[in-house]
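*Asks:* Model the following, please.
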Amino acid sequence: MAQKIEFHLPPELGLHPTDLESTILKQYPELANTPYLIHKRSIDARKVPAKIRIELDVFTNLEELKSQQYQFDWSCIKSNIKKIIIIGAGPAGLFAALKCLENGFKPIIIERGKDVRARRRDLADIQKNNIVNPDSNYCFGEGGAGTYSDGKLYTRSGKRGDIKRILDILVKHGANQDILFDAHPHIGTNKLPKLIASIRETILNNGGEILFETRVVDFNIKGDKIESIIDQNGKEHLGDGFILVTGHSARDIYHLLNDKKVLLEPKPFAMGVRIEHPQYIIDEAQYKTPNRGEFLPPAAYSLVHQTNYKGVERGVFSFCMCPGGFIVPSATTQNELVVNGMSPSKRDSKYANSGTVVAINLEDMDIQKEGIFAGLNLQSELEQITWKSANATQTAPSQRLIDFCKNKSSINLPDCSYIPGILSVPLHEVLPPYLKFRLQEGIKAFGQKMKGYYTNEAILVGVESRTSSPVRIPRLKDTLQHPEITNLFPGGEGAGYAGGIVSAAIDGEKLADACTNFLLSK
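*Replies:* Residues are numbered from 1 along each chain as shown. Take a look at the predicted model:
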C-alpha cells in the first residue's frame, strides 16, 4: 500500500509545470530512487498568502506503481461481431465507442452535427451573424456541449465509476498530465478540439465508424427491439445494440421516442441566469488580497442558498463557474436565447462568470396537464421570452446585479465578455416570479457569504436554462437497458444520468459494457 506524504509550496513552485518534480526532490531527496506519483494538488487559500498543497503516493517498488497505471488496447474487434450503433458523439458516445473497441465490438457513431473543426464556422455564425444552425452549434457536434464550453473535468461522480481511468484516456489523447492530480482539473476550450480529434482517430484507426451530419429521424422498432434507425436522408442503419447519448438539448429525440410510445419520464432540473463579475473581485474575495500575483490562477467560487417563495423552499446555486472565462450563446434553434460559460486553458480573460440557477422540482411543473414534457415546455417558454426581450436576436438581455435585486432598470451596462453583445433589459420583469424572487434572495445571500459579490459591477445575462435535461429516458438499474426496449441503452446527460464531461464519459463506458454483455448473452 502506498505511503502518503503531504506538504505545502508557494504558488511559484507548486504551480510551475516544468519545475514541480525537481521541487519535490529538493523537498524529499530520498525520493530520487523511489517510485512515487503526485496524488493531488490543490490551493489552500485559508490563510494569506495562499499555498499549494501537494499530496504524494510513495510506493515500495516499481511494480506497485505500475499496478496503479492503466493499459489500453483499442484494437480488439473480432471478426463477424455484432454492430453497436452509438447515437451521439459527445463524451458519453466517444468513450462508449472506445470501450466497445476494448470489448471487441465495432462501434458506429451517428452524430447529427459536424466534426469538431467544421463546427467552428457555425459557432462564428452564432456569434457574429445571429444565425443558429440547429444541427451544429455549441450543443451539437463532435465532442458535444463540453468541447466548446470550457472542458472542466471536476466531478463528484467517484461512486459511479473510475475517474482516474477517464483522465488517463484523456492524457493519452493529448491532455496535460496535470489533470491527473489537480483538485479541479481543466483542459480549456482552446485545447479540447485537438484532443477530441485525437479520440476520433483512435476510433477510426481501430475499426470504428463515425458518420457526421447524420440526424436520427426515426426508430424502426419491432416487438421489444430496435432493428434500425433512419436518418434525415432516408437511409436505414441496421444495428444489434443501440446506445443513445444525444445530450440534454436533443428535444426532437424525446418527441420521437414519445411518438413511438417509448417510455419517458419527467425529472427535476434548474434554470436561471449567468452572472459575470470582473475577475479581480472574485480574486480579492477568495485570496483575501487585492492582487493575486502572476502565479495563482484566477479564483473560482461555489455558492448555494435555500430560498423560500410562497412557503416552498428551493435551492439557488452557482453552476459551471468559469474563472477567467467568457459567456457564449448556446441556443439550438433560431427563436430562443440560451447562454453558457467557458474558459480557455490559460483562463486569462478579465471576467469571471457562473450560472446562477434555481432548482425546479417535479411539483413545480404542471405534469398533470402537460405530461412528461412539462419541464421541457418551461425551458422553451423561458428561452423564447428571453429571445423576444432582446429584439429577437442572440444579443443577450442583461441587468446590473444590484439593479436586478432592487427591481430597477439599468441605465447603462459595464463591459461584458458575451460576443454577440448585451442589451439593457429589466430581467426582473422578464423572468417568471418563481425565478425572479428566488434569484433575488439567493444573490443577496451570496453577497453575505462572499465579500464583494453583491455589486453593480456584476451583471446578470439571461438565460441559463440547459443545466440538465428536464426529461429522463429510464433504464434498468442492473442491466442499463430501457425497461421496454431490450437493446436500447440510454445514458449521458440527455437521458438524465450524467452532469459533465467526466460523468458522461463514465456513463458511456458503463453503457458499452452493458450493451456488449447483452449481445454476448444472445
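*Asks:* Let me know the outermost residue of the protein.
*Replies:* Note on the chain: the largest C-alpha distance from the chain mean falls to residue 30, namely 41.2 Å (C-alpha atoms, centre = their mean).
*Asks:* how far away is it from residue 61?
*Replies:* When distance is defined by C-beta to C-beta, to the nearest Å, residue 30 is 15 Å away from residue 61. For every residue, glycine as well, the C-beta is placed using N, CA and C.
*Asks:* just residue 88 next, same as before
*Replies:* Relative to residue 61, and taking C-beta to C-beta, residue 88 is found at 43 Å.
*Asks:* the more surrounded of these two?
*Replies:* Neighbours per residue (other C-beta atoms under 10 Å) separate residue 88 from residue 61, with residue 88 holding more: 31 against 10.
*Asks:* residues in contact with the more buried one?
*Replies:* Counting by C-beta atoms under 8 Å, 6 or more residues apart in numbering, residue 88 makes contact with 109-111, 144, 244-247, 250, 492, 494.
*Asks:* How about residue 4?
*Replies:* The contact partners of residue 4, by C-beta under 8 Å, 6+ apart, come to 39, 55-58.
*Asks:* Closest one of the contacts of residue 88 to residue 195?
*Replies:* Nearest to residue 195 among these is residue 144, at 12.8 Å by C-beta to C-beta.
*Asks:* where in the stretch 51-200 of the chain is pLDDT low?
*Replies:* The model of the stretch 51-200 of the chain has pLDDT under 70 over residues 149-151, 154-160.
*Asks:* residue ranges for the strands of it, please.
*Replies:* Taking DSSP state E, counting those that start in this stretch as the criterion, the stretch 51-200 of the chain carries its strands at 51-58, 83-87, 106-110.
*Asks:* want to throw the ones you listed into TSV with distance to residue 311?
*Replies:* As requested, these are exported to TSV (distance: least, C-beta to C-beta, whole Å):
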stretch	distance to residue 311
strand 51-58	44
strand 83-87	43
strand 106-110	47
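*Asks:* buried sites along the helix or strand of the chain with the lowest mean pLDDT?
*Replies:* Of all the helices and strands that make up the chain, helix 62-66 has the lowest average by mean pLDDT, DSSP states H and E, namely a mean of 86. Within helix 62-66, the residues that qualify as buried are residue 65, counting by 16 or more other C-beta atoms under 10 Å.
*Asks:* Repeat that for stretch 273-291.
*Replies:* Along stretch 273-291, the positions that meet the burial threshold by neighbour count (16+ other C-beta under 10 Å) are 273-287.
*Asks:* Residue 134 versus residue 214, what's the distance?
*Replies:* Following C-beta to C-beta, the distance that separates residue 214 from residue 134 is 14 Å.
*Asks:* Equivalent analysis for residue 117, please.
*Replies:* For residue 117, the distance to residue 134 (C-beta to C-beta) stands at 20 Å.
*Asks:* Compare the two (neighbour count), which wins?
*Replies:* Taking neighbours as other C-beta under 10 Å, residue 117 and residue 134 compare with residue 134 leading, 17 against 13.
*Asks:* so who does residue 355 touch?
*Replies:* Counting by C-beta under 8 Å, 6+ apart, residue 355 makes contact with 272-275, 318-321, 340-341, 464, 467.
*Asks:* That one: which element?
*Replies:* strand 351-360 (DSSP states H and E).
*Asks:* tell me the average confidence for the helix or strand following that strand?
*Replies:* The element immediately downstream of strand 351-360 (helix or strand, assigned by DSSP H and E) is helix 367-370. Along helix 367-370, the predicted local confidence has a mean pLDDT of 92.
*Asks:* now helix 367-370: how far from the chain's centre is it?
*Replies:* Mean C-alpha position of helix 367-370 versus that of the full chain (C-alpha atoms, centre = their mean, to the nearest Å) differs by 29 Å.
*Asks:* same question, stretch 292-299
*Replies:* 24 Å.
*Asks:* again, but for stretch 394-411
*Replies:* With C-alpha atoms, centre = their mean, you get 27 Å for stretch 394-411.
*Asks:* as a whole number, average confidence for that stretch?
*Replies:* Across stretch 394-411, pLDDT averages out at 97.
*Asks:* Go through that stretch and flag the buried ones.
*Replies:* 394-405, 410.
*Asks:* Looking at the residues you listed, which are in helices?
*Replies:* When DSSP state H defines the helices, the subset of the buried residues of stretch 394-411 inside them is 401-405.
*Asks:* just to revisit the earlier point, name the member of the contacts of residue 4 that has the highest neighbour count.
*Replies:* Most neighbours among these, by other C-beta under 10 Å: residue 56, with 22 neighbours.
*Asks:* Excluding chain neighbours, what is closest to that residue?
*Replies:* The spatial neighbour of residue 56 that comes closest, neighbours along the chain excluded (C-beta to C-beta, 6 or more residues apart in numbering), is residue 5 at 4.3 Å.
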